[in-house]
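Peer 1: sequence plus predicted model, see below.
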Amino acid sequence: MFEMKKVQADSKAELYSDLLSQAKGLLHDEHDRVANAANFAALLYHSLADVNWVGFYFMKDGELLVGPFQGKPACVHIALGKGVCGTAAQSRKTQLVPDVNAFPGHIFCDGDSLSELVVPLIRNGEVLGVLDLDSPKLARFDAEDQAGLEALAKVFLDSLI
């Protein structure tokens with residue numbers, strides 16, 4: 001049985017190392033996408049400071065459809081190429097946005113969100129969806145967060161069959 005431990009880190013490198021270990025334990029021997037996404041979102045939401053939304057959008061019928069998340073109710077459908085999530089999915093590149101108000105075509109799901117980091121979930125060349133994190137702080141995410149969350153997204157992808 002998994003027991004979530006409070007992350008006590010002196011650096012972001014230590015934080016993400018600890019989260020990687022916890023994520024591997026949390027997802028060990030479970031392969032259901034929805035169950036893993038729900039637990040994974042909860043782990044990140046309760047472990048990372050200054051986030052107000054953490055969750056998944058999964059590809060369905062050519063668009064992104066909201067999946068398991070933690071935070072306020074979210075936009076349900078996002079077209080490819082639209083907003084930060086749709087851009088990450090279409091470009092297949094992580095989007096690190098220090099100020100969502102400066103992002104062309106940003107979709108306002110939560111007016112409290114000021115910065116965002118979206119990691120595309122790609123497996124066997126196919127975009128399965130995105131991992132989305134929002135913050136009420138400007139420039140909350142940096143390159144170290146990006147690297148850590150990309151590594152965590154890989155742990156999620158590796159848990160799927």
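Peer 2: Perfect, I can see it now. Numbering: from 1, shown residues only.

Peer 1: which intervals of this structure have sub-threshold pLDDT?
Peer 2: When residues are selected by pLDDT under 70, those of the chain lie in 1-7.

Peer 1: which non-adjacent residue is nearest the residue nearest in space to the middle of the chain?
Peer 2: Centroid-nearest residue in the chain, with C-alpha atoms, centre = their mean: residue 131, separated by 2.8 Å. In space, and not counting its chain neighbours, residue 131 is closest to residue 119: 4.5 Å by C-beta to C-beta, 6 or more residues apart in numbering. Placement of C-beta: from N, CA and C, glycine included.

Peer 1: element containing that neighbour, please.
Peer 2: Using DSSP states H and E, residue 119 maps to strand 115-123.

Peer 1: in its sheet, what does that strand sit against?
Peer 2: Applying DSSP bridges, strand 115-123 is found paired with strand 95-97 (antiparallel), strand 126-135 (antiparallel).

Peer 1: list the contacts of the helix or strand that comes right after the last one.
Peer 2: Right, strand 126-135. Scanning forward in sequence from strand 126-135 by DSSP H and E, the next helix or strand is helix 143-159. For helix 143-159, contacts defined as C-beta atoms under 8 Å, 6 or more residues apart in numbering pick out 12-13, 15-16, 19-20, 23-24, 27-28, 30-31, 36-37, 40, 44, 94, 96, 117, 119, 121-123, 128, 131, 133.

Peer 1: lovely, talk soon.
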